[in-house]
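Chemist: one predicted model, sequence on top.
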Amino acid sequence: MKRSSITLVGLLAAAAVVAAPTAGAPEQTPKRGGTVVFGPVAELGCVNPLINCGPGGPQYGWIFEKVLPGAFALAPDFTRRKALVSSVTFTRTPPFTLTYTIRPEARWSDGVPVTARDFVFTHEAIRAYYPPNHPHRRYIRSVRSVGAKTVRVVMGAPYAGWRGLFWIVLPQHALAGEDLARIWTNGIENPKTGTPIGSGPFLVGRLDRGRQLTLVRNRRYWGLHAAFLDGLIIRFCRATCLAPPPAEVLEGLKEGAVDFAYARDTEIFADLDRIRGTTVRLHRTNGWEHVDFNLSSDTGHPLLGKGARGKLVRRAFAYSIDRAKIVQRLWGETDPTYRPLKSAVFLNTDPRYAPNWGGYTYRPNLARSLLRSAGCQRDADGIYACGGRRLSLRFTTLPTRTRERSLELMQPLLRGVGIDVDISYDRALLQRTAKGDFEVASYAFTNVDGFGYKDVYGCGGIQNWTGYCQRLVTADLDQSDRMLDEPRRAQVLHRVDRRLAKDVPLIPLYQIPWVYAYKDTLRDVVPSPDNLLWNAENWWLDD
């Protein structure tokens with residue numbers, strides 16, 4: 001049995017074995033074979049990355065990435081590495097122009113080269129099927145071919161998130177003239193021939209409803225080598241699920257029904273660690289958990305509002321919870337290096353990270369002092385009331401065991417200070433928060449590059465569900481999304497982070513880890529923050 005926890009240093013070392021693809025010979029013969037069973041995961045409603053076809057739809061970009069890779073991919077060291085492209089150049093004077101050079105050896109599984117026409121086609125498809133706030137619609141003016149392997153993208157303004165623009169590239173020669181909303185229900189194939197198609201190391205073999213998705217080796221893969229494995233089987237949960245059920249994860253590994261599984265419920269680490277012949281790791285993802293306050297005077301609690309008193313109450317709340325204790329209880333025994341997240345902009349694993357929220361430690365006396373400064377007084381039962389309103393808050397989160405444990409740790413500490421919270425769990429929480437139907441909520445964001453936060457923290461942002469509005473923050477976030485100088489951009493984002501820490505529309509809690517476990521006979525597994533299959537073409541089974 002092997003047990004380890006991934007640190008950033010470990011990720012960097014492991015990532016060194018995953019080189020960017022270069023030229024490869026056609027019809028390469030893999031050194032090894034075998035089929036790996038991965039799962040359980042939520043069932044995919046279809047395999048069309050352009051439409052939302054159920055709980056397992058576009059969220060599983062980590063599967064599509066192995067079939068339809070994009071220009072860049074998020075690597076284990078939390079940086080974006082070139083995939084389909086060999087280089088990208090850009091101008092720093094208007095108009096901001098990106099010029100992508102596609103790898104000369106990059107081709108589709110039917111032998112047709114990946115060309116600039118595929119990038120142009122993909123851009124048009126994204127504009128047709130994604131919402132108005134999407135970067136392809138918000139920032140890009142034009143995408144055109146300037147050579148078979150060269151594509152030029154003209155932006156309306158500089159865009160810091162340009163590496164994430166073409167996260168997927170579609171085959172123009174196969175899809176031209178097709179109704180893109182009706183393709184790829186059960187497989188990613190050329191509608192004109194009915195044969196699987198892709199430019200990645202794997203192709204979609206078939207989607208078996210209620211059971212699994214099968215990926216097979218792309219024998220004409222253009223990278224360093226064709227996949228060693230014959231195939232990958234992605235097993236679905238037995239019943240509808242949003243995350244892998246811990247009982248199914250344990251059962252599958254114990255009985256040998258799966259070779260590789262992951263769980264968002266890190267509490268099962270110890271149970272997995274007791275399964276003989278299994279490697280178990282804690283994997284830091286690009287997600288982070290936070291507590292949001294609804295500052296709206298119409299739908300939120302009046303004591304959390306936008307005025308001076310609301311800010312004092314929110315800061316008191318932040319001093320009333322022990323984030324260090326939460327992290328220690330959740331993962332301390334598994335990974336003693338795990339720390340609370342002390343930034344609302346950068347992840348712990350980001351070299352630009354700074355603990356701008358470090359002052360918010362557990363300080364119950366200071367919390368009570370802030371509440372008194374807000375004009376609050378304790379009732380006979382110890383709960384504060386302010387201006388005739390009792391400080392009793394509805395605290396809602398999604399029904400996962402990790403979140404349940406977090407709130408179970410927070411609730412008595414808050415009550416000890418004098419803040420009463422009524423905890424509830426709701427699978428429709430995100431829909432409710434988007435409508436402003438909450439008082440306090442805990443859920444997750446995903447972010448790596450630090451861009452796009454204007455939508456979350458900016459005045460009127462499409463995902464600004466707290467209702468927070470600070471003009472200087474909005475201006476800085478607008479500027480940061482347009483900055484190409486990363487050190488200067490980081491300075492601006494740290495300034496934003498410090499202002500957020502002062503105003504407290506939310507509280508960052510922790511960078512989200514997953515547990516993943518696989519049989520010791522499965523070799524060379526190196527996941528990335530958002531893709532457990534990051535280097536699946538390098539996996540092999542040592543029987």
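Modeler: Cool, the structure landed.

Chemist: check the gap between W167 and A157 for me.
Modeler: Distance of W167 to A157, given as CB to CB, to the nearest Å: 20 Å. C-betas here are computed from N, CA, C, even on glycine.

Chemist: hmm, I typed the wrong one, I wanted Q470.
Modeler: Counting by CB to CB - Q470 and A157 are separated by 22 Å.

Chemist: follow-up on the earlier one: compare neighbour counts for W167 and A157 and give me the winner.
Modeler: Neighbours of W167 and A157, each counted by other CB atoms under 10 Å, are more numerous for W167; the result is 21 against 13.

Chemist: quick check, that one in contact with G61.
Modeler: Yes: at 6.7 Å, W167 counts as touching G61 under the criterion of CB atoms under 8 Å.

Chemist: pull the distance from stretch 418-425 to the chain's centre.
Modeler: On the basis of CA atoms, centre = their mean, to the nearest Å, stretch 418-425 is displaced by 28 Å from the centre of the chain it belongs to.

Chemist: ugh, wrong one, I meant stretch 107-118
Modeler: 29 Å.

Chemist: buried ones in that stretch?
Modeler: 107-109, 112-118 (16 or more other CB atoms under 10 Å).

Chemist: quick check, C386 in contact with L370.
Modeler: No: C386 is beyond contact range of L370, at 11.2 Å (criterion: CB under 8 Å).

Chemist: okay, the two: which has more neighbours?
Modeler: Neighbours were counted for C386 and for L370 using other CB under 10 Å; L370 has more, 22 against 19.

Chemist: check the offset of the helix or strand harbouring that one from the chain's centre.
Modeler: Using DSSP states H and E, L370 maps to helix 364-373. Relative to its chain's centre, helix 364-373 lies at 36 Å (CA atoms, centre = their mean).

Chemist: contacts for that helix next, please.
Modeler: For helix 364-373, contacts defined as CB atoms under 8 Å, 6 or more residues apart in numbering pick out 312-313, 315-317, 319-320, 384, 386, 391, 413, 416-419.

Chemist: switch the cut-off to 10 Å
Modeler: For helix 364-373, contacts defined as CB atoms under 10 Å, 6 or more residues apart in numbering pick out 303, 308-309, 311-322, 359-360, 363, 376-378, 384-386, 391, 413-414, 416-419.

Chemist: of the residues you listed, buried ones?
Modeler: Here, 16+ other CB under 10 Å leaves 303, 309, 311-322, 360, 363, 376, 384-386, 391, 413-414, 417-419 buried among the contacts of helix 364-373.

Chemist: show me what contacts A257?
Modeler: 37, 39-40, 235, 248, 251.

Chemist: kindly report the same for R394.
Modeler: 294, 300-301, 421-424, 437-441.

Chemist: who touches both of C386 and L370?
Modeler: Residues touching both C386 and L370 (CB under 10 Å, 6+ apart): 312-313, 376.

Chemist: and of those, the nearest to V448?
Modeler: Among those, V313 lies closest to V448 (CB to CB), at 32.3 Å.

Chemist: related to what we said a few turns ago, and the next helix or strand past the helix holding L370?
Modeler: Proceeding N to C from helix 364-373, the next assigned helix or strand is strand 376-378, under DSSP H and E.

Chemist: confirm S296 sits in a helix?
Modeler: No: checked against DSSP: H, G, I helix; E, B strand; the rest coil, S296 lies outside a helix; its state is coil.

Chemist: mind checking which helix or strand the residue nearest to it when sequence neighbours are not counted is in?
Modeler: Leaving aside its chain neighbours, S296 sits nearest to G467 (4.4 Å; criterion: CB to CB, 6 or more residues apart in numbering). Under DSSP H and E, no helix or strand contains G467.

Chemist: now do I234
Modeler: Applying DSSP H and E, one finds I234 within strand 231-236.

Chemist: tell me which other helices or strands that strand touches.
Modeler: strand 35-41, strand 202-208, strand 212-217 (3 or more CB pairs under 10 Å, 6 or more residues apart in numbering; DSSP states H and E).

Chemist: let's have those strands in CSV, adding mean neighbour count, distance to L50 and mean pLDDT.
Modeler: Output for the helices and strands packed on strand 231-236, formatted as CSV (neighbours: other CB atoms under 10 Å; distance: least, CB to CB, whole Å; pLDDT from 0 to 100):
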stretch, mean neighbour count, distance to L50, mean pLDDT
strand 35-41, 22, 20, 95
strand 202-208, 21, 15, 93
strand 212-217, 22, 17, 96
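
Chemist: quick check: mean pLDDT of stretch 140-156?
Modeler: The pLDDT scores in stretch 140-156 average 96.

Chemist: mind listing what's buried in it?
Modeler: Quick answer for stretch 140-156 (16+ other CB under 10 Å): 140, 143, 149, 151-153, 155.

Chemist: please apply the same query to stretch 440-449.
Modeler: Using 16+ other CB under 10 Å as the test for burial, stretch 440-449 gives 440-445, 447-449.

Chemist: equivalent analysis for stretch 516-531, please.
Modeler: Across stretch 516-531, burial judged by 16+ other CB under 10 Å covers 516-519, 522, 525-531.

Chemist: packing partners of the helix or strand that contains V327?
Modeler: Following DSSP H and E, the helix or strand that holds V327 is helix 323-331. In terms of contacts (3+ CB pairs under 10 Å, 6+ apart), helix 323-331 is packed against strand 278-293, helix 401-417, strand 506-519.

Chemist: got a list of what the most centrally placed residue in the chain touches?
Modeler: By CA atoms, centre = their mean, the chain has its centre lying nearest to T446, at 3.9 Å. By CB under 10 Å, 6+ apart, the residues touching T446 are 285-288, 347, 512, 529-530.

Chemist: and it, how far from G61?
Modeler: 11 Å.

Chemist: need the residues touching each of those two.
Modeler: The contact sets of T446 and G61 overlap at D530 (CB under 10 Å, 6+ apart).

Chemist: so what strands line up beside whichever strand or helix holds F445?
Modeler: Element membership for F445, per DSSP H and E: strand 440-446. Take DSSP bridges as the rule and strand 440-446 pairs in its sheet with strand 278-293 (antiparallel), strand 392-397 (parallel).

Chemist: what comes up buried for the shortest one?
Modeler: Which is strand 392-397. Across strand 392-397, burial judged by 16+ other CB under 10 Å covers 393-397.

Chemist: and these as JSON lines, adding pLDDT and distance to R498?
Modeler: Below are these laid out as JSON lines (pLDDT from 0 to 100; distance: CB to CB, whole Å):
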{"residue": "L393", "pLDDT": "97", "distance to R498": "26"}
{"residue": "R394", "pLDDT": "96", "distance to R498": "29"}
{"residue": "F395", "pLDDT": "97", "distance to R498": "26"}
{"residue": "T396", "pLDDT": "96", "distance to R498": "28"}
{"residue": "T397", "pLDDT": "94", "distance to R498": "27"}
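
Chemist: closest one of those to T89?
Modeler: Taking the buried residues of strand 392-397 together and measuring to T89 by CB to CB, the closest member is T397, at 45.0 Å.

Chemist: wait, what's in contact with the closest one?
Modeler: Residues near T397 by CB under 10 Å, 6+ apart: 289, 291, 403-404, 406-407, 423-426, 429, 438, 440-443.

Chemist: can you rerun that using 8 Å?
Modeler: Going by CB under 8 Å, 6+ apart, T397 touches 403-404, 406-407, 423, 425-426, 429, 441-443.

Chemist: in space, what's closest to G418 - neighbours in sequence excluded?
Modeler: Closest to G418 by CB to CB, 6+ apart is Y384, at 4.3 Å.

Chemist: which strands or helices does the helix or strand hosting V473 pack on?
Modeler: Per DSSP H and E: V473 is located in helix 471-480. Other elements packing on helix 471-480 under the criterion 3 or more CB pairs under 8 Å, 6 or more residues apart in numbering; DSSP states H and E are helix 454-457, helix 486-503.

Chemist: domain ranges for the protein?
Modeler: With domains defined by automatic domain parsing, the chain comprises 2-259+521-541, 286-512.

Chemist: done for today, thanks.
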